[in-house]
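Colleague: got a structure for you, letters missing:
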């Protein structure tokens, strides 16, 4: 057996040991932290969070890397109040909630790094790159384990995550039955697709459901052409929606649009 083959065998044995340890932790509160420690022995990342994406209310944060200065708690509060609506991982999860490994490159719109969301939240919290392991749940929600890094995840790291994804996602699926009940999540943001119950089909500013969809995709970094493709409408129709929503809100720029969006937070 060559040296390279021996290394592969030892790596496989190491993973078998690690997954057996995680099985023992499955019912304990330390499960997510133990999972992060196991992963950190095999690849480099700086932050992590386990959360659930729901279709009808804000995400539930199950556990996170818990920075000592408490900054992450405030960031997650802002995230749950409405910023999740601009998260490309959340947007993609609503469209296709499947068991898979998702990278930032897979879901980020072409103008993502130019958005207020990226500047005010993502760059502060994630810094450079993010990957997410997704496990659909029976109630239609999506259980996610996100890893953030100050460096771009290389092909070796992504290959490793792809290799262990079926095993780890199955552990995540089993773990959800042992999660303790959480406090009621923040009230749904009025711009959530299911959030405005006062005036069906419109917001209190008179925005139609389609105009809200266009505004969220704009704030998430989608170009006019990308919005048209995602919504299955023409570029001219997207431009018309932009014109109407800017007029209704009395604004002229995307920065102003983000401010109006944030003013609507619960």
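Modeller: Here it is on my side, so go on. Please read these numbers as outputs of a predicted model, since none were measured by experiment.

Colleague: Now for residue 113: which residues touch it?
Modeller: Applying CB atoms under 8 Å, 6 or more residues apart in numbering to residue 113 gives the contacts residue 221. In this view, the C-beta of every residue, glycine as well, is placed from N, C-alpha and C.

Colleague: sorry, that was for residue 264
Modeller: Residues in contact with residue 264 (CB under 8 Å, 6+ apart) are 82, 189-191.

Colleague: Could you rerun that using 6 Å?
Modeller: Contacts for residue 264 (CB atoms under 6 Å, 6 or more residues apart in numbering) come out as residue 190.

Colleague: just residue 137 next, same as before
Modeller: By CB under 6 Å, 6+ apart, residue 137 lies in contact with residue 143.

Colleague: before we move on, what about residue 114?
Modeller: The neighbourhood of residue 114, defined by CB under 6 Å, 6+ apart, contains no residues.

Colleague: Report pLDDT for it.
Modeller: Looking at residue 114, its pLDDT reads 90.

Colleague: Tally up the residues packed near residue 178, please.
Modeller: By the criterion of other CB atoms under 10 Å, residue 178 has 11 neighbours.

Colleague: any idea how far residue 193 is from the nearest residue to it once chain neighbours are set aside?
Modeller: The shortest distance from residue 178 to any residue other than its chain neighbours is 4.9 Å, reached at residue 27 (CB to CB, 6 or more residues apart in numbering). Distance, residue 27 to residue 193, using CB to CB, to the nearest Å: 35 Å.

Colleague: dump the residue contacts of the residue most central in space within the chain.
Modeller: Central residue of the chain (CA atoms, centre = their mean): residue 89, 3.7 Å from the mean position. Each residue near residue 89 by CB under 6 Å, 6+ apart is listed here: 107, 132.

Colleague: name the element it belongs to?
Modeller: If you go by DSSP states H and E, residue 89 is part of helix 88-95.

Colleague: Now do the buried residues in stretch 106-120.
Modeller: Within stretch 106-120, the residues that count as buried by 16 or more other CB atoms under 10 Å are 107-109, 112, 115-118, 120.

Colleague: these two touch, right, residue 147 and residue 133?
Modeller: No - with contact defined as CB atoms under 6 Å, residue 147 does not count as touching residue 133 (8.1 Å).

Colleague: helix or strand for residue 131, which one?
Modeller: Following DSSP H and E, one finds residue 131 within strand 129-136.

Colleague: again, but for residue 245
Modeller: With DSSP H and E as the test, residue 245 turns up in helix 235-249.

Colleague: Can you list the neighbours in contact with that helix?
Modeller: Outside helix 235-249, the residues that touch it by CB under 6 Å, 6+ apart are 205-207, 211, 214-215, 224, 227-228, 260.

Colleague: Quick check: of these, which lies closest to residue 50?
Modeller: residue 215 (29.6 Å; CB to CB).

Colleague: ok, the closest one - contacts?
Modeller: The contact partners of residue 215, by CB under 6 Å, 6+ apart, come to residue 245.

Colleague: switch to 7 Å and redo it
Modeller: 245, 257 (CB atoms under 7 Å, 6 or more residues apart in numbering).

Colleague: One more: the one 10 residues further on?
Modeller: Each residue near residue 225 by CB under 7 Å, 6+ apart is listed here: residue 235.

Colleague: sec struct for it, please.
Modeller: helix (DSSP: H, G, I helix; E, B strand; the rest coil).
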